[in-house]
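# With the input below, show me the fold.
(chains A and B)
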Amino acid sequence: MTFDNIHDKTDKELVKLTQKDPAVFGVLMTRYENRMLVYIRRISSVTTEEAEDILQDSFLKAYKNLNSFDSSLSFSSWLYRIVHNETISAWRKNKSRPQGNMAQVDDEFLERIVDSQDIVEEMDREILKKVMMGAMVDMDDKYREILILKYIEDKNYDEISDILKKPAGTVATHISRAKKQFRDLCEKKDINFLI
Amino acid sequence: MTEKNPTQSAMDKILQGEVKQIPRWHFVVKNIVLWSVGFLCIVAGALTVSLVIFTFANSAFVLRDISKHNFFQHIMIVLPLLWIIITILFAALFDIFVRHTKKGYKYSLWLIVLVNMFLSVIVGIMFYFFGISHVVDDMMNTHFRSYHSVEKRQAQLFNNPGKGVIIGHVTKCGDEYFTLVTSDNTQWHVIREHITEFKQNKISDGQRFVVIGKVIDQGVFVACDIRMRGMSGSNRQLQRKRMEQVHENNFVDVDSHKVRFGQIPQNMDVMIQEACVHVQ
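Numbering: from 1, shown residues only, chains lettered A, B, ... in the order given. Have a look, this model is predicted:
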């Protein structure tokens, strides 16, 4: 079955079309593949192969449960939720979630933070980014995840609420605490941030 | 990226039929079950709230002056701890139910608890006024020996013939006396002829009273003060059934205390007067 301009269709339209032709789901998967792979590696310390396995499981789970997709929610948030939960489950199955062994934080994110700061002392940018990376590694998992969703994945409060299935008020509180923890950890390393 | 492409791998499995979509009816049924559980939580929570109301409404704080217990002891006897704990459990279950609904995660714990309490209290008050809490209290009393029904608690608070207090239902009423049966099926012939303050026509068959006075003979009680102690939130059918049971148990038909004693003791009037001296 072929559909006109299938790549121009919205996520919700593609979800509906998948009911007629499962192959359409491939368009959705292609659309989100790279973004989700990067997200999986951001919130965990898995290898590329493990991340691909987790992503494959997530896509299959999404396909299986497509009839439960609530159209009042964005497909992106719904998929993020599944990927997030599958990543956490994979961690628990391995029975290890080593602290201080986080995968690369997006270089673009670090650059964004560095550029936005009015740092009095001159400091080598690379050293600064290493300091920030260290601070992120030392953070509590739930605060690091929410910081990633807010500042790296550029999600708003409602989207984060839908992804993590938490009330918006709780999301706001956690973001505030995450920022404070990040600032405190950076201050210990003699870096003062306005975040 | 490695040669293995997660999208292609997943697509292969889907097209080969290794993975199938869960049908929509599955989620519809799951939703129905979920909402049914939520509804039951509200109903059960309302029932336990009604029992809490029923217990406190019949805790007889106004009669605490004649109870043999201090305030703290009184509270500990009347406190419906079991129902309070079960109410909290159903509130927690309701929170779990809400969290599993599609939009439930958007609401804070306090809002969910508030809504649950509000609904439970509103429906609970209705259950209380319709006498449903009385029925449940009675059922629990019948089936669980260790359960303390409201009547048992009141007996614990007030029924102490040795100290001059009894509580029970009137089964037979005359001008100078009435027969009172306590919750342990003890029958008392209560002499009331000298009480002028209490209006005689207020005492009738089936009513419940706390009687203050003195035991002057086995099964004979002189009343110095009588206080009405009806059951708030009672169920009429249950009350009628209870009175039928009491009447079935009462095979001693006493017409008056004069007949009861056969030959009237010479010092009867003195005994009656002296009985109430300590109460005055």
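
# pLDDT averaged over stretch A:185-193 - what is it?
The pLDDT scores in stretch A:185-193 average 77.

# Using CSV, write down the CA coordinates of that stretch.
What follows is stretch A:185-193, C-alpha atoms only, in CSV (Å, rounded to 0.1, in the frame of the first residue of the first chain):
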residue,chain,number,x,y,z
LEU,A,185,28.8,21.0,42.2
CYS,A,186,30.4,23.5,39.9
GLU,A,187,31.0,25.9,42.8
LYS,A,188,33.0,23.2,44.5
LYS,A,189,35.2,23.2,41.5
ASP,A,190,35.4,27.0,41.8
ILE,A,191,33.1,27.7,38.8
ASN,A,192,30.1,30.0,39.4
PHE,A,193,27.2,29.5,36.9
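
# ok, the nearest residue to A:S76 once chain neighbours are set aside - contacts?
Leaving aside its sequence neighbours, A:S76 sits nearest to A:D11 (CB to CB, 6 or more residues apart in numbering or on different chains; 6.8 Å). For every residue, glycine as well, the C-beta is placed using N, CA and C. Residues near A:D11 by CB atoms under 8 Å, 6 or more residues apart in numbering or on different chains: A:L28, A:R31, A:S74, A:F75, A:S76.

# TSV please, covering these and showing neighbour count and pLDDT.
Shown next, in TSV, are the contacts of A:D11 (neighbours: other CB atoms under 10 Å in any protein chain shown; pLDDT from 0 to 100):
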residue	neighbour count	pLDDT
A:L28	22	95
A:R31	17	95
A:S74	17	93
A:F75	20	95
A:S76	18	95
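
# how about B:H189, secondary structure?
strand (DSSP: H, G, I helix; E, B strand; the rest coil).

# what does chain B have sitting close to chain A?
Within chain B, the residues that sit near chain A (CB under 8 Å from any CB of the partner chain) are B:1-2, B:4-7, B:9-11, B:13-15, B:19-24, B:26-27, B:99, B:102, B:105-108.

# Try it again at 10 Å.
When proximity is defined by CB under 10 Å from any CB of the partner chain, chain B lies next to chain A at B:1-2, B:4-11, B:13-15, B:17-28, B:30-31, B:99-100, B:102-112.

# Out of those, which end up buried?
Neighbour-count burial within those applies to B:5-7, B:9-11, B:14, B:19, B:21, B:104-107, B:112; the criterion is 16 or more other CB atoms under 10 Å in any protein chain shown.

# Give me the subset of those residues lying in helices.
The helices, defined by DSSP state H, take in B:P6, B:T7, B:S9, B:A10, B:M11, B:I14, B:I112 from those.

# quick check, nearest of those to B:A91?
B:I112 (8.5 Å; CB to CB).

# on that earlier part again, any chance of the ones in helices among the buried ones among the residues of chain B next to chain A in CSV, plus distance to A:D140 and pLDDT?
Formatted as CSV, these follow (distance: CB to CB, whole Å; pLDDT from 0 to 100):
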residue, distance to A:D140, pLDDT
B:P6, 29, 89
B:T7, 33, 92
B:S9, 34, 92
B:A10, 32, 94
B:M11, 37, 93
B:I14, 37, 93
B:I112, 26, 90
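
# out of the residues you listed, who's nearest A:A62?
Nearest member of those to A:A62, counting by CB to CB, is B:A10, at 9.1 Å.

# give me every residue that touches that closest one.
The neighbours of B:A10, taking CB atoms under 10 Å, 6 or more residues apart in numbering or on different chains as the test, are A:25-26, A:29, A:33, A:55-63, B:18-19.
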